[in-house]
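# fold the following, please.
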Amino acid sequence: MNQLKKHIKRLVPILMLILVVTVLPAAAAAEETGPAWRGTYDEIMLWVNFAILAFLIFKYGRTPIKDFLEGQKYTIEKEIMGFEKKRDSVAEDVRLAEKALEEGEARFARIKERIINQGERKKAATIEDAMQQSRMMIEAAERKADSKIVNAIRNFRIELIDEAMDKATQRLTKEVTPDDDAQLLTSYMKDTLV
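As a prediction, this is how the structure comes out:
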């Protein structure tokens with residue numbers, strides 16, 4: 001901050017001189033009514049003023065301008081270093097993001113493979129369960145069919161026995177007389193009482 005004040009104190013007289021040197025010739029040029037040599041005089045004064053201005057800038061402005069430019073150089077160097085640090089930081093962030101992306105892709109591939117394996121195991125288990133269920137259903141159907149066959153055979157025997165009994169009863173009633181019936185009854189009673 002002190003250097004800036006120092007530079008400003010040095011620049012004020014230079015700026016005042018520049019103002020005076022540029023305003024006076026302009027005022028003189030405003031008066032166009034003059035002798036013929038006035039144009040040559042104005043041009044010479046313009047070069048003299050330029051030489052004075054160049055000398056003053058060189059003499060008094062060299063150090064402040066040099067200090068100013070060095071300060072600007074330092075400031076710009078700091079900004080460039082800051083930008084380079086930011087660039088390096090961003091590059092590191094990009095590298096980390098790329099690494100995380102690669103790891104994420106690898107993790108995604110592992111998860112995908114695990115899900116596919118689980119799906120295949122579930123599929124195999126489902127197929128095995130379905131096959132076991134179908135075996136059980138076939139066995140149940142076979143048992144049911146066997147049961148129906150056994151029941152059909154039993155019913156057929158019962159019907160056959162009933163039919164035989166009916167035929168035997170009909171035949172016995174025709175062939176057995178009431179005397180034979182009485183004799184069978186007495187014989188049965190004797191056997192059961194004894």
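# give me the domain ranges for this structure.
2-86, 87-177 (automatic domain parsing).
# so which of those domains is nearest Leu184?
In terms of Cβ to Cβ, the element of the domains of the chain nearest to Leu184 is domain 87-177, at 7.6 Å. Placement of C-beta: from N, CA and C, glycine included.
# tell me the gap between that closest one and the middle of its chain.
Computed by Cα atoms, centre = their mean, to the nearest Å, the chain-centroid distance of domain 87-177 equals 40 Å.
# just stretch 63-73 next, same as before
With Cα atoms, centre = their mean, you get 53 Å for stretch 63-73.
# buried sites along it?
64-65 (16 or more other Cβ atoms under 10 Å).
# may I have it as CSV, with CA atoms only?
Listed next in CSV are the C-alpha coordinates belonging to stretch 63-73 (Å, rounded to 0.1, in the frame of the first residue of the first chain):
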residue,chain,number,x,y,z
THR,A,63,11.2,4.0,-11.7
PRO,A,64,7.5,4.1,-10.8
ILE,A,65,6.6,2.5,-14.1
LYS,A,66,9.3,-0.1,-13.6
ASP,A,67,8.0,-0.7,-10.0
PHE,A,68,4.5,-0.8,-11.2
LEU,A,69,5.3,-3.3,-14.0
GLU,A,70,7.3,-5.5,-11.5
GLY,A,71,4.3,-5.4,-9.1
GLN,A,72,2.0,-6.3,-11.9
LYS,A,73,4.5,-9.1,-12.9
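# what does the average pLDDT come to for that stretch?
Mean pLDDT, stretch 63-73: 85.
# and stretch 109-126, by the same measure?
Here the average pLDDT along stretch 109-126 is 89.
# please export the C-alpha coordinates of that stretch as PDB.
Extracted C-alpha coordinates of stretch 109-126, given in PDB (Å, rounded to 0.1, in the frame of the first residue of the first chain):
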ATOM      1  CA  ALA A 109     -19.800 -55.900 -13.700                       C
ATOM      2  CA  ARG A 110     -19.300 -58.000 -10.500                       C
ATOM      3  CA  ILE A 111     -22.800 -57.200  -9.300                       C
ATOM      4  CA  LYS A 112     -24.200 -58.000 -12.700                       C
ATOM      5  CA  GLU A 113     -22.400 -61.300 -12.700                       C
ATOM      6  CA  ARG A 114     -23.500 -62.100  -9.200                       C
ATOM      7  CA  ILE A 115     -27.200 -61.300 -10.100                       C
ATOM      8  CA  ILE A 116     -26.900 -63.500 -13.200                       C
ATOM      9  CA  ASN A 117     -25.500 -66.300 -11.100                       C
ATOM     10  CA  GLN A 118     -28.200 -65.900  -8.600                       C
ATOM     11  CA  GLY A 119     -30.800 -65.900 -11.300                       C
ATOM     12  CA  GLU A 120     -29.400 -69.000 -12.800                       C
ATOM     13  CA  ARG A 121     -29.400 -70.700  -9.400                       C
ATOM     14  CA  LYS A 122     -33.000 -69.600  -8.800                       C
ATOM     15  CA  LYS A 123     -33.900 -70.800 -12.200                       C
ATOM     16  CA  ALA A 124     -32.300 -74.200 -11.600                       C
ATOM     17  CA  ALA A 125     -34.000 -74.400  -8.200                       C
ATOM     18  CA  THR A 126     -37.300 -73.500  -9.700                       C
END
